[in-house]
Each structure stands twice: as structure tokens, then as C-alpha cells.
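Enquirer: With the sequence up front, the predicted model follows.
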Amino acid sequence: MTKSVLVTGGAGYIGSHTCHQLIEAGEKVVVVDNFYSGHRWAVPDDVLLIEGNAGDIELTSKLMREHDVDTVIHFAGHIVVPESVTDPLKYYHNNTQNSRNLLQACVNSGVNQFVFSSTAAVYGIPEEQPATEQTDTAPINAYGRSKLMTEWMMQDLSDRPDIDDGFRFIALRYFNVAGARVDLTIGQATPDATHLIKVACQAALGLRDSVSIFGTDYPTPDGTGVRDYIHVEDLASAHLSALTYLRQGGDSTIMNCGYGQGYSVREVMQMVEKVSGVDFNIIEVPRRAGDPPELIAGDKLIHQTLDWKIRYQDLEVICRTAYEWEKKWAEMQVDPS
């Protein structure tokens, strides 16, 4: 019987892109999603889609057994940093407690391979750039802490000597994800998304009055914050590479997932203006508390460990696909979900 992959949050932004690539690679895929921020239409037709919560131990254990799941790819989680500050328990419940329950379901069902959607927020405000996997983890909000706690749980489970065949995991620490599938069939449709490139694309389309630059006095070339932006299709393909690595017996590993290259907020704005042909309103405001001047991925480990081939390492491609998708999404006047 062909093994299956269980994907939690597979109707969401990154999860849906990964599901499309899994299906194209010939995988059998089961998705569990409660549609908090995901959409049914984003999931490929060949996927078995179950409405439910990733933290439902009974449900996920049943699905793992019935569909001969050998690997879980866990996306489901809350990701809005400001919200994690105002409502931290929401994040510890969904990102940490539900992850704990999902890991329990894996133990119950004998599923010993796990790919986890982590975040560069675990580094907080790192003193060194680029941030490597050896950089101290010092998250400054509940979002980063809730993800780091899940990393600790996976590590402890991996270190147990009494699990047959050994539990093994890959944690991918995402940097700034943006862009859309090149054929524009799916893209970022998360309600009230706060990502810079999406917000800038909305401004270019007249969907918002302006975009704010938070801080212009950082010690960076143009005074604005610098971030490592990764195209969602390349990020999705990293999960397939992680799946192959685990199936080949690879050891548990935590690794950054970015390009190792940074762009400033101002450079992103200029690129969105270029691809859209629109000079939108940009407002300069004071820094936000907790924003590091730079956050760039040290990317050596992922390339040493996984057979990961990146295809879209170009800010113009990232911004163009994001803009074209946002334009298409805006024209879909009624949400098809």
C-alpha cells in the first residue's frame, strides 16, 4: 500500500502550495484543516480533505492509521505577531498545545516522521547577521515562543530511546514568505494579512490608502529594515526535500529556510511600484518595538542537508507574482470558499 502524507493546515497559504507540489510529485495526500484562514478551493482535487482540528487526537490518529500515513507535515498555526502579544494564550493553545496533541497522535499511530513549520521569530533580535541555526534563540513574543516550544517537544520526542525506529523531524525556520504560484491558481488569500509585500500590492491596487515604513533610521544602507524574502514555491519545495530526507533515514534537524540575501523595506516598495506601474502613498513613521534592523537567514545548513533546488530567488519575481495574484484575488469579488 502506498504511504500517505498528512498535511495539517493544507488549505492555507504555504500549505496549499505544498499540497499542489506533493500531488504533482505523485504523493497521496490527506489534509486536515479547520478553515480558520484556509480555503477549500486552494486544495488540489486529488487530495482527501477533512475538515477538523490538527489538535484533535482522536481524528488525526484515526486518519494516520486508516490512510497508512508515514509522515506528517504540520503547517496549522496562528502567525500574526501583534495578535500574539495581545492574545498570547490563543497562540499557546493553537501553536503549542495542538502541536503537542498532534505529536501524541503520531506516537499513538506509529508515525515517526514529522516536518514542522517553524519561524525565524525564534531568534528574536539576533546580535549577529546572518542568523544561523547556532544563533541563540530568544523570542520576544508569544508567536516565536509557541513555535520554539514545539521545537523543544519534537527534540525531546526524538531523543527518547524507547520508540521503535525512532521519531525523526525536520523543523524549517521560515523567514519572510511572499509571492504566489506562477500560474496564479493560488496565492496568499489569508484574511487581514500583514505581510509587507501583500500590503504594498494592495496599496498599488488602491485597496488601501497607504503603506507605512516603520523606521527610517536603522543602521542599514537606506535606513529601513532589511529582511530575507523567500518565494512561497521555493519554500513549499523545501518541504518535499525534507520529506525525501526523512524517508531516506535522515537525522532530526532544525534549519533555516531563506535565501541568505536581504532586501530593505524601501527596496521592496520600489519593486512593487515597478511591477505594478503605480506610485502608491508611502508614509514614514517611527520604529516598532521589537523590530530588528536586519534578519537574514544563514542558509548553509539547508543546502548541505537537503537536495533543495531553488528557482525563484529574485525579488522582482516574488513581487510580480504577488501583485498579479493580488490583482486576480481582488477581481474575485466574492470569496469562492
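Expert: Structure's in. What do you need? Numbering: from 1, shown residues only.
Enquirer: By mean pLDDT, flag the weakest helix or strand of this structure.
Expert: Within the chain, no helix or strand scores below helix 81-86, which has a mean of 90 by mean pLDDT, DSSP states H and E.
Enquirer: Output the contacting helices and strands for that one.
Expert: Under the contact criterion of 3 or more CB pairs under 8 Å, 6 or more residues apart in numbering; DSSP states H and E, helix 81-86 touches helix 88-91, helix 142-159. Using the backbone N, CA and C atoms, a C-beta is placed for each residue, glycine as well.
Enquirer: Just name the most buried of the ones you listed.
Expert: Of those, the one with the most neighbours on average (mean count of other CB atoms under 10 Å) is helix 142-159, at a mean of 20.
Enquirer: Low-confidence stretches in the stretch 101-250 of the chain?
Expert: 163-164 (pLDDT under 70).
Enquirer: What segments of it are strands?
Expert: Using DSSP state E, counting those that start in this stretch, the strands of the stretch 101-250 of the chain run over 113-119, 168-174, 176-178, 211-214, 226-227, 229-231.
Enquirer: before we move on, back to that, so can I have JSON lines of the helices and strands packed on helix 81-86 showing distance to residue 115?
Expert: What follows is the helices and strands packed on helix 81-86, written out as JSON lines (distance: least, CB to CB, whole Å):
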{"stretch": "helix 88-91", "distance to residue 115": "21"}
{"stretch": "helix 142-159", "distance to residue 115": "10"}
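Enquirer: what's the closest of the strands of the stretch 101-250 of the chain to residue 45?
Expert: Residue 45 lies closest to strand 113-119 among the strands of the stretch 101-250 of the chain, at 23.1 Å (CB to CB).
Enquirer: who's in contact with that closest one?
Expert: 9, 14, 70-75, 77, 79, 99, 103, 106, 143-144, 147-148, 150-151, 154, 167-174, 239, 242-243, 246-247, 254 (CB atoms under 8 Å, 6 or more residues apart in numbering).
Enquirer: Do I have it right that residue 33 meets residue 51?
Expert: Yes: counting by CB atoms under 8 Å, residue 33 touches residue 51, with 6.8 Å between them.
Enquirer: Of the two, which one has the most company?
Expert: Shown here are residue 33 and residue 51; by other CB atoms under 10 Å, residue 33 has more neighbours (27 against 12).
Enquirer: where does that one land on pLDDT?
Expert: Note for residue 33: predicted pLDDT of 97.
Enquirer: check contacts around it.
Expert: 8-12, 15, 43, 49-52, 76.
Enquirer: let's go with 7 Å and repeat that
Expert: With contact taken as CB atoms under 7 Å, 6 or more residues apart in numbering, residue 33 is in contact with 9-11, 51, 76.
Enquirer: Keep only those of the residues you listed that are in strands.
Expert: residue 51 (DSSP state E).
Enquirer: if we can go back for a sec, would you list the strands of the stretch 101-250 of the chain in a markdown table and tack on mean neighbour count and distance to residue 281?
Expert: Output for the strands of the stretch 101-250 of the chain, formatted as a markdown table (neighbours: other CB atoms under 10 Å; distance: least, CB to CB, whole Å):
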| stretch | mean neighbour count | distance to residue 281 |
| --- | --- | --- |
| strand 113-119 | 25 | 30 |
| strand 168-174 | 25 | 29 |
| strand 176-178 | 23 | 21 |
| strand 211-214 | 18 | 7 |
| strand 226-227 | 24 | 22 |
| strand 229-231 | 26 | 22 |
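Enquirer: Relative to residue 277, which of these is closest?
Expert: strand 211-214 (16.2 Å).
Enquirer: Tell me the helices and strands packed up against that closest one.
Expert: Contact partners of strand 211-214 among helices and strands, from 3 or more CB pairs under 7 Å, 6 or more residues apart in numbering; DSSP states H and E: helix 196-204, helix 265-276, strand 282-285.
Enquirer: Just to check, residue 39 is in contact with residue 10?
Expert: No: using CB atoms under 7 Å, residue 39 makes no contact with residue 10, being 10.7 Å away.
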